[in-house]
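*Asks:* Here you go, sequence then predicted model.
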Amino acid sequence: MNEYVQEKRKAAEDLLKQYYQLKNRAKYEADEGKREELAKGQKECRTELKRACSDLVEAAGFAGAPVRCSGMVDETAREIIRQYFIRFTPGKPGAVKASGIRSYLARVTEGGVLSDRMIYTILFNGNAPEGWLLNLLTREDETLTSVSRFLRRVHEKTGLNTKYLIRDACIGYGDFMQDHALRIGRSFTEKTILSLLEKNPLLKNGAAAYGKEERKRNRIKNGLLDAMPETYPDLFPLARQKERHFILHIGPTNSGKS
């Protein structure tokens, strides 16, 4: 936590302590006039505390955190997807053969890469992308973690709704995470997914058999492609060697061409 954030944090903590003191004094104050004065002081203190918390959120850099921590976000998302396929548990693991792996890959991929639907299912599991990203950042970034805990304490002790301060600062998290999730997920090709399934204890035999079939199929396909000429006319070398003379009878309909 840098000095600027520490300064803002201390200012907010001082106001929180001041609010505690005013609240305790009002609790045991017998004079009604003084209680009203203390209540007014609490209200003013809450207003200042709210402003201080807003300054603290801005100083902590919640808004720019995704870009600042993009490397960590990308690696975490990739690892979650990797572990999903390595730990994936099918309904009947003993019955999964090469054909089952082929069907599974067809379901989770689109255009040869991990489908958008599966990317969202694996990473967010029905939750909002912005919530997933905020939870990750507040868990991994020390400054954001500390500030989030402090704001939670302010909310619990004073009733101030500090959640919206972070929510407003994180307004762009959804678009950022959607773009990143799709880019990362689409880097998982069918070949990459198959290599991960081969590490899955329950699917490795079926995945290995499917991989063997695919390699054989590709060898046959590549052999046929290599044997074929690059241009269509070259498919008929003998016909092209013949010397031929063409006579064309052309004219309008019913002009005696036949």
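*Replies:* On my side now, so go ahead.
*Asks:* any weak-confidence spans in this structure?
*Replies:* Applying pLDDT under 70 to the chain flags residues 1, 91-95.
*Asks:* mind redoing it with 50?
*Replies:* For the chain, not a single residue meets the criterion pLDDT under 50.
*Asks:* what's the following helix or strand after the lengthiest helix in it?
*Replies:* Using DSSP state H, we find that the single longest helix of the chain is helix 32-60. Using DSSP states H and E, the helix or strand that follows helix 32-60 in sequence is helix 65-68.
*Asks:* Centre of the chain to that following helix, how far?
*Replies:* For helix 65-68, the separation from the chain centroid amounts to 14 Å (computed by CA atoms, centre = their mean, to the nearest Å).
*Asks:* Tell me which other helices or strands the longest helix of the chain touches.
*Replies:* helix 3-28, helix 142-158, helix 163-169 (3 or more CB pairs under 8 Å, 6 or more residues apart in numbering; DSSP states H and E). Any C-beta I mention is one placed from the backbone N, CA and C, and that applies to glycine too.
*Asks:* for it, which positions count as buried?
*Replies:* 38, 41-42, 45-46, 48-50, 52-57, 59-60 (16 or more other CB atoms under 10 Å).
*Asks:* Likewise for stretch 196-208?
*Replies:* Those would be 196-198, 200, 202-203, 205-207, for stretch 196-208 by 16+ other CB under 10 Å.
*Asks:* Phi, psi for residue 114 please.
*Replies:* Geometry field for residue 114 lists phi and psi as phi -60, psi 130, criterion degrees, to the nearest 10.
*Asks:* who's in contact with the closest residue to it other than its chain neighbours?
*Replies:* The shortest distance from residue 114 to any non-neighbouring residue, by CB to CB, 6 or more residues apart in numbering, is to residue 188 (4.2 Å). Contacts for residue 188 (CB atoms under 8 Å, 6 or more residues apart in numbering) come out as 81, 113-114.
*Asks:* Same check on residue 181?
*Replies:* With CB under 8 Å, 6+ apart, residue 181 has these contacts: 77, 119-120, 123-124, 129.
*Asks:* Pick out the most distant pair among these.
*Replies:* Pairwise distances across the contacts of residue 181 (CB to CB) peak at 11.5 Å, for the pair 77 and 120.
*Asks:* between these two, who's got more neighbours?
*Replies:* A count of neighbours by other CB atoms under 10 Å puts residue 77 above the other of residue 77 and residue 120, at 22 against 17.
*Asks:* So that one is in contact with residue 123, correct?
*Replies:* Yes: counting by CB atoms under 8 Å, residue 77 does reach residue 123; the two are 5.9 Å apart.
*Asks:* Now the common contact residues for the two.
*Replies:* Residues touching both residue 77 and residue 123 by CB under 8 Å, 6+ apart: 181, 185.
*Asks:* hmm, back to that, so which of the contacts of residue 188 comes closest to residue 152?
*Replies:* residue 81 (30.5 Å).
*Asks:* How many residues are close by that closest one?
*Replies:* Count around residue 81 with other CB under 10 Å applied: 23.
*Asks:* which residues touch it?
*Replies:* 114, 119, 122-123, 184-185, 188.
*Asks:* Following the helix or strand where it lies in sequence, what is the next regular element?
*Replies:* Counting by DSSP H and E, the element that carries residue 81 is helix 70-87. Beyond helix 70-87 in the direction of the C-terminus, DSSP H and E gives the next helix or strand as helix 98-108.
*Asks:* Going by distance to residue 28, which of the buried residues of helix 32-60 wins?
*Replies:* Nearest member of the buried residues of helix 32-60 to residue 28, counting by CB to CB, is residue 38, at 10.2 Å.
*Asks:* Now for that closest one: which residues touch it?
*Replies:* 22, 25-26, 29.
*Asks:* Sounds good, over and out.
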